[in-house]
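K.L.:
predicted model follows, preceded by the sequence.
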Amino acid sequence: MIEIKQLAKKFKVENPKKLSEQEKKDPRLQGRFFHSVKDVSFRCEKGQVLGLLGPNGAGKTTTLRMLSTALQPNAGSVEINGIDVMKNPLLARQKIGFLSGSTGLYGRLSGRENIRYFGQLHGMDEGAIDRRLEELIELLDMADFIDRRSENFSTGMKQKTAIARAVIHSPDVVILDEPTTGLDIMATQTVLDFIRRLKDQQVPVIFSTHHLDEVAELCDAVTVINQGETKFSGSLAAFSDLADGSLHQSFLTAIQ
Ligand SMILES: Nc1ncnc2c1ncn2[C@@H]1O[C@H](COP(=O)(O)OP(=O)(O)OP(=O)(O)O)[C@@H](O)[C@H]1O
C-alpha cells in the first residue's frame, strides 16, 4: 500500500522571464516561488492500479518524482507499506520502481546491459538478474532488439527498456510517468498488459496519463489534480459517477 498525504513542492523561479504566459498568470506563482504541488493526497492499495490525471502543468510529474524520492517535498508525507519514504529514502528506493518521463538510457550499452546495470546497482546477484531479465524480455516483447545498442532504439524500444530497468528488482510499488506517451498501438498494448500483470501479482501501480481509455481499461482508482491540488480521489466507479458515464465529462467536472 502507498499513501501520500498533503504533499507540497515549490520551486524558486531563477529567471521570471523564462516562465510561460500561462505560468505568469497561474495563482501558484507567488513572488519568487512557483508552488507546483500545493496539496496532493491519495492512496493506492495492494493489487490496485491508480490513474493520475490532470491537465498539462497540473503537477503530476512533480508529485511522482516526490513519491520516488527523486525530489524532496516541502511538506506532506509518503508511506509505502508503513515505511516513511522521506525518513528512509534508501530503503524506499528498493521498494519502488520508477519510470520517469525521460528514459535516460546509456546509448553505448545494449538494452540488456542497461537493464543489467540497474540490477547490479540494486545489489542483485548475476543469476537473479539473468532470470528476471528473461522474464521481462518475454513480457515486454523485447527479444528482437534487446542486444542492440540502445542509441538507435525507437521510442517504443526505449520505453520498454526503461520500464524493464525500473522493475528489474521486483519492487513492491511501481510508479510510471506517462508510460504510453509516444508509443504505437502495439507497444501501448504491451505496456498496458504489463501493468495488468503487475496488478494480478498484487503490486500497486500508479501511473500518470492523458488517455482516458487507458483509465477505463486498467484503473481501479483515479486521482485528478489541477493547479497542484487534488480535485478528486476515489474509485473508478465514483469517478465515472461524476458525470453520466463519460470519463471525459467526469474529468472536466473534477477540474472545475
Ligand atoms: N524544477 C522546476 N523549476 C521550476 N518550475 C518547475 C520545475 N518542475 C516543474 N515546474 C513547474 O511546475 C508545474 C507542474 O509541472 P509538472 O511537470 O509536475 O506537470 P505535469 O502535470 O506533469 O504536466 P504534463 O502533463 O505537461 O507533463 C509546471 O508549471 C512546471 O513548469
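P.N.:
Great, that's in hand.

K.L.:
what lies in contact with the lengthiest helix in the chain?
P.N.:
With secondary structure taken from DSSP state H, the chain has its longest helix at helix 185-200. Residues outside helix 185-200 that contact it (C-beta atoms under 8 Å, 6 or more residues apart in numbering): 47-49, 139-141, 156, 159-160, 163, 167, 174, 176, 179-180, 183, 205, 207, 214, 217-218. To be clear about C-beta, it is placed using only N, CA and C from the backbone, and glycine gets the same treatment.

K.L.:
residues from the stretch 51-200 of the chain in reach of the ligand?
P.N.:
By the rule C-beta under 6 Å from any ligand atom, the part of the stretch 51-200 of the chain lying against the ligand is 54, 56-62.

K.L.:
which of the residues you listed sit farthest apart?
P.N.:
Using C-beta to C-beta, the two most remote members of those are Asn56 and Thr62, lying 12.6 Å apart.

K.L.:
these two: which has the busier surroundings?
P.N.:
Set Asn56 next to Thr62 and count neighbours by other C-beta atoms under 10 Å: Thr62 wins out with 22 against 7.

K.L.:
which regions of the stretch 1-150 of the chain sit below the pLDDT cut-off?
P.N.:
103 (pLDDT under 70).

K.L.:
ok, which stretches of it are helices?
P.N.:
With DSSP state H, counting those that start in this stretch, the ranges of helices along the stretch 1-150 of the chain come out as 21-25, 60-67, 89-95, 111-121, 126-139.

K.L.:
can you give me the end-to-end span of stretch 232-245?
P.N.:
16 Å (C-alpha to C-alpha, to the nearest Å).

K.L.:
can you mark which positions in it are buried?
P.N.:
232-233, 236, 239-240, 242 (16 or more other C-beta atoms under 10 Å).

K.L.:
and the strands in this structure?
P.N.:
Using DSSP state E, the strands of the chain run over 2-12, 29-30, 33-44, 49-53, 75-80, 83-84, 96-99, 173-177, 205-208, 221-226, 229-235.

K.L.:
thank you kindly, that will do.
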